[in-house]
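Student: What shape does this take:
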Amino acid sequence: MKNKGFTLIELMIVVAILGILATVALPSYQDYMKKSKRSDGIAASMSLMLAMQKARGNCALYPTTLGASDNCGTRTVGHGALSSEGYYAIAISGATGNAFKITATPKFTDSDCSTLTITVNGTNPNGLKAPAYGCWD
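Tutor: So this is what the prediction gives:
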């Protein structure tokens, strides 16, 4: 009579191989997911920076608050407070006639890039991005 099936040794070898693959693949997958979520924050920050500069072209000062539409009287820029996918909260601070700071705070745990900021001023008219190490790639 022939036995059909697998031996315990064969099953344990398969389990060991799957464990090793999971140990290697899971951290890579988690890093990939963080980077893909981070791109949502980058896109929202850059979109807000463009909206701020567009609003400044029409008004005397940069907008100080986020809103539904541009309004020079209330210094509001037409941009939402969340990124398009909702992974980041977006805020404006220090808005004057020639400077502003955009802060994108993740709504998930990102130990590498806890907060993304763009600071635009006379010294950095194109925006100084922080943190500088690999978060904006």
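
Student: can you confirm Arg38 is in a strand?
Tutor: No - per DSSP: H, G, I helix; E, B strand; the rest coil, Arg38 lies outside any strand segment and is helix.

Student: How about the secondary structure of Gln30?
Tutor: helix.

Student: could you pull out the helices for this structure?
Tutor: 8-58 (DSSP state H).

Student: low-scoring pLDDT stretches of it, where are they?
Tutor: Applying pLDDT under 70 to the chain picks out residues 1.

Student: if we go to 90?
Tutor: Applying pLDDT under 90 to the chain flags residues 1-7, 27-28, 30-31, 57-60, 68-70, 72-74, 96-98, 110-114, 122, 132-137.

Student: Now do the same contact list for the residue nearest the centre of it.
Tutor: Central residue of the chain (C-alpha atoms, centre = their mean): Gly41, 2.5 Å from the mean position. When contacts are counted by C-beta atoms under 8 Å, 6 or more residues apart in numbering, Gly41 touches 83, 87-88, 104, 106, 116. Heads up, the C-betas are built off the backbone N, CA and C, glycines and all.
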